[in-house]
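Visitor: sequence and predicted model, in that order:
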Amino acid sequence: MIGRRRASFFLAGSLLPVFLFFWLFFLSPGASARLGLVKTETHIEIDGINYGVIKEVNNLRDLTFSQSKSENFTRVSLKRDFVTEPSLYLWAHKNAQNHKNVSRVSIITQTKDGYKIARYELKNCKPLSWTVETADPTQGGFHEKIDLAVQEIAVF
């Protein structure tokens, strides 16, 4: 008899917290808000013009303190799929022909609600290479990849 009571107390003592945890986080109102991951988007602006969402950014870091005097620039790669945003390919092609102009590129990471998480300012940018290709013909759109030469990157 005493063994059965200990077993039932043990089961109640171990199952009750598991049940409460399950109920609080999965069945209670607002559980999806607590457990959901925050979805973010990364946008690009060039000289104040919004060019839409970027899928992938490579080699983006704060260079304001770490850049040595021997480095002339850092290569930053941008990749995306798009349908309706302005073309980065056309911007790069036009900008590469004008050898005197350098651009200011802003890369902004924000939530879907518009709350800004990070902002990178790429100063004195010139396009090094650019490619555009068509995406799946049934869905439409394009794949773009742009490599930029960047002299200064600051994080805000």
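Guide: Perfect, thanks for sending it.
Visitor: beta partners of the nearest residue to Asn95 once chain neighbours are set aside?
Guide: Leaving aside its chain neighbours, Asn95 sits nearest to Pro127 (5.6 Å; criterion: C-beta to C-beta, 6 or more residues apart in numbering). Where C-beta positions appear, they are placed from N, C-alpha and C, glycine not excepted. Beta bridges link Pro127 to Leu148, judged by DSSP bridges.
Visitor: OK, contacts around Pro127?
Guide: Trp91, Ala92, His93, Asn95, Ala96, Ile146, Asp147, Leu148, Ala149 (C-beta atoms under 8 Å, 6 or more residues apart in numbering).
Visitor: just to check, the first one is in contact with Ile46?
Guide: In this case it means Trp91. Yes: using C-beta atoms under 8 Å, Trp91 makes contact with Ile46 at a distance of 6.2 Å.
Visitor: flag every buried residue along the host helix or strand of Cys125.
Guide: Assigned by DSSP states H and E, Cys125 belongs to strand 116-134. Neighbour-count burial for strand 116-134, counted by 16 or more other C-beta atoms under 10 Å, picks out Tyr120, Glu121, Leu122, Lys123, Cys125, Lys126, Pro127, Leu128, Trp130, Val132.
Visitor: and those residues, which is closest to Thr42?
Guide: Tyr120 (9.4 Å; C-beta to C-beta).
Visitor: who is the closest one paired with across the strands?
Guide: Ile107, Val155.
Visitor: show me what contacts it?
Guide: Applying C-beta under 8 Å, 6+ apart, the residues near Tyr120 are Leu60, Ser106, Ile107, Ile108, Ile153, Ala154, Val155, Phe156.
Visitor: now do the fourth one against Asn58, distance only.
Guide: With the distance defined as C-beta to C-beta, to the nearest Å, Ile108 ends up 17 Å from Asn58.
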